[in-house]
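Engineer: Here is my input, please return the structure:
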Amino acid sequence: MQKVLNMFLYILKFLLLLGSFGITLFVILKMNQRLDKDILSSYAVFLPFILLLLLFIINIVFSQKSVTNNLFYNITCDLVFLVIIVAGLRALFDTNMVLSERYGYGIDFNYFDNFISYLKLMLYGLCIANILFMFHMKENDRKRRIAK
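Structural biologist: All right, here's what the predicted structure looks like:
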């Protein structure tokens, strides 16, 4: 049962990554359009997404079982991506937000702008956890080999 749940969460992780990246990209594009800024001015928002995607690709290519089979890490990734999606959808569709209606853009940019720092914090935390899990199993294997 744990293997099936882990595989489901592992696949869901990639789908939610794409969804959270898409919603973030949409809101950032609209925000930059409103401020007459270039998309390159907000590269720092997308850097943790790209870094996390590269780490996921490394895990697949080098078959990092300590990361891919870690149920806790997969649940955490899914929850982080769900939080990003919910915050993006709330900035887009919540009509009860004052600034969304007042400025007439239909998006509460201030809400999402305040969320960006938490978004980066969560994504960089996932990157650090991924790197630590990649090297954790190798240390355990090394200790087992020495003990034999």
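
Engineer: contacts and neighbour counts: CA atoms only from here.
Structural biologist: Will do.

Engineer: Count the neighbours of N70 for me.
Structural biologist: Neighbourhood size, N70 [other C-alpha atoms under 10 Å]: 14.

Engineer: Retrieve the pLDDT associated with it.
Structural biologist: If you check N70, the pLDDT there is 90.

Engineer: Distance-wise, check the closest residue in space to it that isn't next to it in sequence relative to I57.
Structural biologist: Excluding its sequence neighbours, the residue lying closest to N70 (C-alpha to C-alpha, 6 or more residues apart in numbering) is N6, at 7.5 Å. Distance of N6 to I57, computed by C-alpha to C-alpha, to the nearest Å: 18 Å.

Engineer: out of the two, which sits in the more crowded spot?
Structural biologist: Taking neighbours as other C-alpha under 10 Å, N6 and I57 compare with N6 leading, 19 against 12.

Engineer: and after the helix or strand of the chain with the lowest mean pLDDT, which helix or strand comes next?
Structural biologist: Here the helix or strand of the chain ranked lowest by mean pLDDT, DSSP states H and E is helix 98-103, holding a mean of 62. Per DSSP states H and E, the first helix or strand lying C-terminal to helix 98-103 is helix 109-147.

Engineer: pLDDT (mean, whole number) over that next one?
Structural biologist: 84.

Engineer: Please renumber the chain so that the first residue is 771 from this point on.
Structural biologist: Let's use 771 as the start, then, which means that last one is helix 879-917.
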